[in-house]
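Enquirer: Could you work out the structure for the sequence below:
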Amino acid sequence: MQYQITTATKKIAALRKKIRCIQGGTGASKTISILIGLNEFAQRDIEPTLTSIVSESMPHLKKGCIRDFKNILQGHNIWNNNSWAETDKVYTYENGSQIEFFGADQADKLRGGRRDRLFINECNNVSFKAFEELEVRTRQFTYLDWNPVAEFWYNNEIVGKRDDYEH
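Expert: So this is what the prediction gives:
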């Protein structure tokens, strides 16, 4: 199945600030649109980059982002089984760029190495401390997405306190 460009995809692609915040209901194509964009960035990189895709836990990622990522690449005939390291949950592109997946419950990954891009899926289920640990080690930009269920750290720690975000 090929994924189509939606209004959400266009709006997300237009974001330029360091922290790119995407709020919307279930089925609004937030996650799919972000994954499509991150795939395109990784494919076009001249120098190899590292993108981290994080959620509350690995089981959550397996049922969501990892499944969606594989479906997107397979739907566009890009997926290469030899490029996927199943144990480490890392996809390596021909140009050397990588997209890795890990849960925010893996503390060693949060304080680990640097990355170029970050996507925290359903960030309202991830602590502000985890966000801080990850974001401070991210060179280019961070995507945050969530369903508008209740206020969380974004409302108290980002809005009105930082000028490097867009919603």
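Enquirer: Restrict the lowest-mean-pLDDT helix or strand in the chain to CA atoms and write it as PDB.
Expert: None of the helices or strands of the chain scores lower by mean pLDDT, DSSP states H and E than helix 107-110, at a mean of 72. Taking C-alpha atoms only, helix 107-110 is exported to PDB below (Å, rounded to 0.1, in the frame of the first residue of the first chain):
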ATOM      1  CA  ALA A 107      17.700   4.700  30.500                       C
ATOM      2  CA  ASP A 108      21.100   3.900  29.000                       C
ATOM      3  CA  LYS A 109      19.700   4.900  25.600                       C
ATOM      4  CA  LEU A 110      18.400   8.200  26.900                       C
END
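Enquirer: Counting by contacts, list what the very next helix or strand once past it packs against.
Expert: Scanning forward in sequence from helix 107-110 by DSSP states H and E, the next helix or strand is strand 115-120. The contact analysis (3 or more Cβ pairs under 8 Å, 6 or more residues apart in numbering; DSSP states H and E) places strand 115-120 against helix 30-44, strand 50-55, helix 128-135, strand 138-146. C-beta here means a position set from N, CA and C on the backbone, and glycine is covered the same way.
Enquirer: how about the last one: buried residues?
Expert: What that stands for is strand 138-146. The neighbour-count criterion (16 or more other Cβ atoms under 10 Å) identifies 138, 141-146 as the buried residues of strand 138-146.
Enquirer: For those, give me CSV that also has distance to Ser33.
Expert: As requested, the buried residues of strand 138-146 are exported to CSV (distance: Cβ to Cβ, whole Å):
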residue, distance to Ser33
Thr138, 19
Phe141, 15
Thr142, 15
Tyr143, 10
Leu144, 13
Asp145, 9
Trp146, 14
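Enquirer: Among the residues you listed, find me the one that's closest to Ile19.
Expert: Thr142 (5.2 Å; Cβ to Cβ).
Enquirer: Contacts only, for the residue nearest to that closest one when sequence neighbours are not counted.
Expert: When the adjacent residues along the chain are set aside, Thr142 lies closest to Leu118, with 4.3 Å between them (Cβ to Cβ, 6 or more residues apart in numbering). Applying Cβ atoms under 8 Å, 6 or more residues apart in numbering, we find Leu118 in contact with 51-54, 134-135, 138, 141-143.
Enquirer: same thing but at 7 Å, please
Expert: Residues in contact with Leu118 (Cβ atoms under 7 Å, 6 or more residues apart in numbering) are 52, 54, 134-135, 138, 142.
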